[in-house]
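Novice: next one to model:
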Amino acid sequence: MAKGYWVATYHSVSNPDALAEYAKLAAPAIQAGGGKFLVRGMPSQVYENGVNQRMVVIEFPSVAAAIATHDSPGYQTALKALNKGAEREIRIAEGLE
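Specialist: Predicted structure coming up:
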């Protein structure tokens, strides 16, 4: 079964305190869903219309696990803490193997 990958990009952060509270709650919820953080922070370099913005890449055992984690009560609590403290997007994709 192919692994699932959760890719989040942050377009802006308007409330760093809300982001910190979100991170404190989100990390355990993500890890409980089998998520492993691979990338977290600013890009080292951007190319071809790339935007220098915070990004997070998380590996899951499967796409289903990534989706279930996002929809879990623990992660939804983290999202409520974030509220509108950041403008971002999350994409979940299936790995090649």
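Novice: going forward, measure contacts between C-alpha atoms and count neighbours the same way
Specialist: Noted.
Novice: tell me who's in contact with residue 45.
Specialist: Residue 45 sits next to residue 52 when contact means CA atoms under 8 Å, 6 or more residues apart in numbering.
Novice: tell me the secondary structure at it.
Specialist: coil (DSSP: H, G, I helix; E, B strand; the rest coil).
Novice: could you shift the numbering so residue one becomes 31, and keep it that way?
Specialist: Got it, the first residue is 31 from now on, which makes the last one we talked about residue 75.
Novice: could you check the pLDDT of it?
Specialist: The model reports residue 75 with a pLDDT of 95.
Novice: one more: residue 80?
Specialist: Reported pLDDT for residue 80: 88.
Novice: how about the helices in the protein?
Specialist: Along the chain, the stretches classed as helices by DSSP state H are 46-62, 93-101, 103-112.
Novice: can I get these in JSON lines including distance to residue 38 and mean pLDDT?
Specialist: Shown next, in JSON lines, are these (distance: least, CA to CA, whole Å; pLDDT from 0 to 100):
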{"stretch": "helix 46-62", "distance to residue 38": "13", "mean pLDDT": "96"}
{"stretch": "helix 93-101", "distance to residue 38": "12", "mean pLDDT": "98"}
{"stretch": "helix 103-112", "distance to residue 38": "13", "mean pLDDT": "96"}
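Novice: residue 123: which of those is closest?
Specialist: Counting by CA to CA, residue 123 lies closest to helix 93-101 out of these; the figure is 6.7 Å.
Novice: which elements pack onto the closest one?
Specialist: Counting contacts by 3 or more CA pairs under 8 Å, 6 or more residues apart in numbering; DSSP states H and E, helix 93-101 packs against strand 34-43, helix 46-62, strand 116-124.
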